[in-house]
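> Just to be clear, the model below is a prediction. Sequence and coordinates:
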Amino acid sequence: DVKVTQSSRYLVKRTGEKVFLECVQDMDHENMFWYRQDPGLGLRLIYFSYDVKMKEKGDIPEGYSVSREKKERFSLILESASTNQTSMYLCASSPWDRSYNEQFFGPGTRLTVL
Amino acid sequence: AQTVTQSQPEMSVQEAETVTLSCTYDTSESNYYLFWYKQPPSRQMILVIRQEAYKQQNATENRFSVNFQKAAKSFSLKISDSQLGDTAMYFCAFMKQSSNTGKLIFGQGTTLQVKP
């Protein structure tokens, strides 16, 4: 059974803190994604990675960075958390083979920045 | 740039009835994929159905079917015989066939409530 896990379901942080959100997939997928989900805006892509140590900016990368040191793990980093980063964060993965182009999602991390 | 629009923020349907969720998109691409994803309350998002733009036949998965109108850039989801477990947020999504990374563009989402 395919699986994407995220380190926390709920997280509360203070403004200015450095925040790490971790995502792990066990499907040997090349592609991994970080999305932000906000009411009325759907899912917006923050960053994605298509290989170890490779990353590309998505649509809303400002205030975020990522790290992919191992194929199965993709981390999202908020260098200095701000209240406007309060949101639901979803991780996803997909294989490189685009004939099978489904993305598999984690359960999400609901982050509150006070 | 591609955009995906879901104009119905919320919908409700009685159990066992049929409901249709709307989605329109804008693209200059000829070849692409369209998807409907389901996000149940407090559970992981899962793929419901996908459509390849080059296929004229509408995709079907059990009680779920799509009405794909390429010229109109419309991609609606029909749920037949609605069940309580269909209660969820539904997202329409677009992917260029030429995409090297499988990047998806999502609509705003439609919250569907199935009532007993």
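Ah, there it is.
> On the pLDDT front, check the closest residue to A:A81 other than its chain neighbours for me.
Nearest non-adjacent residue to A:A81, counting by C-beta to C-beta, 6 or more residues apart in numbering or on different chains: A:V113, 4.6 Å away. C-beta: built from backbone N, CA, C; applies to glycine. For A:V113, the pLDDT comes out at 97.
> partner residues bridging A:V113?
A:K13 (DSSP bridges).
> got a list of what it touches?
Applying C-beta atoms under 8 Å, 6 or more residues apart in numbering or on different chains to A:V113 gives the contacts A:13-15, A:17, A:19, A:81-86.
> Restricted to buried residues, select the residues you listed in ChimeraX.
The buried residues among those can be selected in ChimeraX (16 or more other C-beta atoms under 10 Å in any protein chain shown) with this line:
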select /A:13,19,81,85
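> Just put the contacts of A:V113 in TSV and tack on secondary structure, pLDDT and distance to A:F33.
Below are these laid out as TSV (DSSP: H, G, I helix; E, B strand; the rest coil; pLDDT from 0 to 100; distance: C-beta to C-beta, whole Å):
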residue	secondary structure	pLDDT	distance to A:F33
A:K13	strand	97	22
A:R14	coil	97	27
A:T15	coil	97	26
A:E17	coil	97	24
A:V19	strand	97	18
A:A81	coil	97	21
A:S82	coil	97	22
A:T83	helix	97	24
A:N84	helix	97	21
A:Q85	helix	98	17
A:T86	coil	98	20
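> how about the residue nearest the centre of chain A, what does it touch?
By C-alpha atoms, centre = their mean, the mean C-alpha position of chain A lies nearest to A:W34, the distance being 2.7 Å. The contact partners of A:W34, by C-beta under 8 Å, 6+ apart, come to A:21, A:23, A:45-48, A:58, A:64, A:66, A:74, A:76, A:89-91.
> and it, how far is that from A:A92?
Distance check for A:W34 against A:A92: by C-beta to C-beta, to the nearest Å, it reads 8 Å.
> same question, A:E30
Using C-beta to C-beta, A:E30 is found at 13 Å from A:A92.
> Looking at those two, which one has more neighbours?
A:A92 (27 against 17; other C-beta atoms under 10 Å in any protein chain shown).
> and that one, which of the three is it?
Here A:A92 takes the strand state, with states given by DSSP: H, G, I helix; E, B strand; the rest coil.
> May I ask you to confirm that it is in contact with A:P107?
No. A:A92 lies out of contact with A:P107 (C-beta atoms under 8 Å); the separation is 11.3 Å.
> coming back round to it: which one of the contacts of A:W34 has the most neighbours?
A:F74 (29 neighbours).
> Find the helix or strand that that residue is a member of.
For A:F74, the element it lies in under DSSP states H and E is strand A:73-78.
> same check, this time on A:Q37
Counting by DSSP H and E, A:Q37 is part of strand A:31-38.
> Which neighbours in the sheet does that strand have, and how are they oriented?
For strand A:31-38, pairing defined by DSSP bridges yields strand A:42-51 (antiparallel), strand A:87-94 (antiparallel).
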